[in-house]
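# take this sequence and fold it.
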Amino acid sequence: MKRLLVFLFVLAILPISGFSLTVEGVNIPDSYSFNGKDLVLNGTGLRKKFFVKVYVGALYLENKTKDVGSVMSMDSKVIKMHFLYKKVGAEKMREAFVEGFEDNGIKDIDRFRAFIELFNFDVVSSDELDLVIIGDALTVLYNGKNIGVFNDKMLAEAVLKVYFGDKPADNGLKEGMLGN
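Take a look at the predicted model:
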C-alpha cells in the first residue's frame, strides 16, 4: 500500500505536458517554442528516398489539424527535420528543394535562389533543420542556430507546398505530419 501511495504521489507531481514521442530512435517533443510562439506537435513522418530513411519530419502548429488548407492558412508553423542518414550533400539538399518547387508548379524559382543557396553545407545523421514560418517570414535553423530569415510570403508558401502540396516530396511524410 505504501508503494502504491508513493507511486501515485510521483505521478501527481509530474508535469502534464512535456511528453515526447520516439520515432526511429529520435525523441520528438510534443511542443515547440520560437520567439514567444508556442506550437503543438501535429504529427510526424519519415522521409524516404529509394528505401533509404533520410529524416524524421515533425510538424508543429498552433492547433492540431489533419487538413492541408488549415496548415497553409495558420499564421505559425514549423517543419522540423531530424536527419537519420549518414550524409546528405549540399547539392542534394538544393536539388530536393528545386525539384519540390517545380513539382508543385512554382515557376519563378530564381526568385528563391537565396533560400536555395543557403543550403551550402552537408547534413549528417543527428543534424536538425527547422523551417519556421511565422506570418510571412521563413526562418531557417540548423542545429538550433539561425542561418537565414526570409520575409517573403511566396517563399513561405512554396516551401510548404514542397511538403503539403499536390505533389509532396514524400506522401508518407505528408500524411504522417498531418497526423494520419
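# max-length strand in this structure?
Longest strand in the chain, counting residues (DSSP state E): strand 37-49.
# so in terms of bridging, what pairs with the residue lying closest to residue 80 once chain neighbours are set aside?
Leaving aside its chain neighbours, residue 80 sits nearest to residue 58 (4.5 Å; criterion: C-beta to C-beta, 6 or more residues apart in numbering). The C-beta positions use only the backbone N, C-alpha and C, and glycine is treated the same way. Beta bridges link residue 58 to residue 44, residue 80, judged by DSSP bridges.
# residue 58 reaches residue 43, doesn't it?
Yes: using C-beta atoms under 8 Å, residue 58 is in contact with residue 43, at 7.5 Å.
# overlap of the contact sets of these two?
residue 177 (C-beta atoms under 8 Å, 6 or more residues apart in numbering).
# picking that back up, tell me the contacts of the residue nearest to residue 80?
Residue 58 neighbours (C-beta under 8 Å, 6+ apart): 28, 41, 43, 44, 78, 79, 80, 82, 177.
# got it, and residue 139?
34, 130, 131, 132, 133, 146, 148, 149, 150.
# what separates residue 60 from residue 162, distance-wise?
Using C-beta to C-beta, to the nearest Å, one gets 17 Å for the distance from residue 60 to residue 162.
# again with residue 128
The value you get for residue 128 to residue 162, if C-beta to C-beta is used, is 18 Å.
# comparing those two, which residue is more hemmed in?
residue 162 (23 against 17; other C-beta atoms under 10 Å).
# what is the burial count for the spatially closest residue to the more buried one that is not a sequence neighbour?
Closest residue to residue 162 apart from its sequence neighbours, by C-beta to C-beta, 6+ apart: residue 100 at 3.3 Å. As a burial measure, residue 100 scores 20 neighbours (other C-beta under 10 Å).
# beyond the helix or strand hosting residue 100, next helix or strand please.
Counting by DSSP states H and E, the element that carries residue 100 is helix 90-103. For helix 90-103, the succeeding helix or strand toward the C-terminus, using DSSP H and E, is helix 113-117.
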